[in-house]
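Visitor: take this sequence and fold it.
(one chain, ligands or ions: 2)
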Amino acid sequence: MERVLADAAATARAGEVLGRVASPGDVIALVGDLGAGKTTLVQGLARGLGVTSAWVSSPTFTIINEHPGRLPLVHVDLYRLESARELGEIGITEVLGRDDAVVAVEWWTRLAECGVRAPDHLEVVLEELPGPDGGRRLTLRPVGVRPAALAAAWLAMI
Ligand SMILES: Nc1ncnc2c1ncn2[C@@H]1O[C@H](COP(=O)(O)OP(=O)(O)OP(=O)(O)O)[C@@H](O)[C@H]1O
Ligand SMILES: [Mg+2]
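Guide: Ligands and ions are numbered 1, 2, ... in the order given. Okay, here's the model as predicted:
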């Protein structure tokens with residue numbers, strides 16, 4: 001389940017399409033190196049979810065930001081996570097279990113490193129393509145029945 005995203009606009013557009021096919025309770029697990037395009041995809045996702053609030057950026061100190069929309073977007077960025085204890089403080093298990101919102105998590109792999117059990121989710125891997133043209137490879141790895149259906153619906157539209 002792969003696509004090539006030629007430029008940043010394509011990443012944002014793909015995110016927007018995901019937002020249109022997503023349902024409450026969906027968990028989007030973003031995996032990719034520094035600068036892979038995770039936040040760009042989440043910005044598109046916000047648009048697709050009808051989020052009207054200000055600019056969706058990487059949460060800086062807060063780790064977690066919530067944006068009201070047609071469907072609310074909960075944006076978690078674990079890059080600056082300092083300890084597993086912090087995950088307990090933000091109530092990560094409850095956040096991942098939100099059935100009224102779409103939850104997008106940057107640096108998803110930190111959860112497993114901290115011993116947090118992952119619910120069903122759609123893993124979205126972004127990788128920089130070699131060569132001068134940039135671009136990113138998008139790979140989907142759904143875990144669970146609903147995420148598999150979401151991945152299929154999304155891919156059919158991008
Ligand atoms: N498909 C693409 N092709 C080329 N450049 C892209 C693509 N998608 C996003 N970018 C660019 O990559 C850069 C990094 O994007 P972004 O901030 O979204 O990455 P990130 O994975 O969130 O990074 P971080 O790990 O720092 O949070 C931005 O300049 C963005 O415009
Ligand atoms: Mg980011």
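Visitor: please count neighbours and contacts with C-alpha atoms only from this point.
Guide: OK.
Visitor: just the endpoints, please. Distance across stretch 67-79?
Guide: 19 Å (C-alpha to C-alpha, to the nearest Å).
Visitor: and that stretch, how far out from the chain's middle?
Guide: In this view, stretch 67-79 has its centroid 9 Å away from the chain centroid, taken as C-alpha atoms, centre = their mean, to the nearest Å.
Visitor: ok, and what's touching it?
Guide: With C-alpha atoms under 8 Å, 6 or more residues apart in numbering as the test, stretch 67-79 has contacts from 23-24, 42, 46, 49-53, 58-59, 63-66, 100-108, 110.
Visitor: same question for it, mean pLDDT?
Guide: Taken as a whole, stretch 67-79 has an average pLDDT of 94.
Visitor: any idea what the residue positioned nearest the centre of the chain is bridged to?
Guide: With distances taken as C-alpha atoms, centre = their mean, Ala104 lies nearest the centre of the chain, 3.6 Å away. Applying DSSP bridges to Ala104 gives these bridge partners: Ile28, His75.
Visitor: off-centre distance for the longest helix belonging to the chain?
Guide: Across the chain, the longest stretch assigned as helix under DSSP state H is helix 8-21. Its chain's C-alpha centre and that of helix 8-21 lie 11 Å apart, by C-alpha atoms, centre = their mean.
Visitor: what packs against that helix?
Guide: helix 38-48, helix 145-155 (3 or more C-alpha pairs under 8 Å, 6 or more residues apart in numbering; DSSP states H and E).
Visitor: nearest to ligand 1 among these would be which one?
Guide: Across these, ligand 1 has its closest neighbour in helix 38-48 (3.6 Å, C-alpha to the nearest ligand atom).
Visitor: show the model's pLDDT score for the residue of the chain positioned farthest from its centre.
Guide: Relative to the centre of the chain, and counting by C-alpha atoms, centre = their mean, the farthest-placed residue is Pro132 at 26.4 Å. pLDDT recorded at Pro132 is 85.
Visitor: what does Val56 give?
Guide: Looking at Val56, its pLDDT reads 63.
Visitor: count of neighbours near Val145?
Guide: Other residues within reach of Val145, judged by other C-alpha atoms under 10 Å, total 10.
Visitor: check the one 10 residues further on too.
Guide: Neighbouring residues of Leu155 were enumerated by other C-alpha under 10 Å; the total is 16.
Visitor: show me the shaky parts of the chain.
Guide: 54-62 (pLDDT under 70).
Visitor: what distance do you get for the residue farthest from the centre of the chain to Ala6?
Guide: Pro132 sits 12 Å away from Ala6, going by C-alpha to C-alpha.
Visitor: no further questions, thank you.
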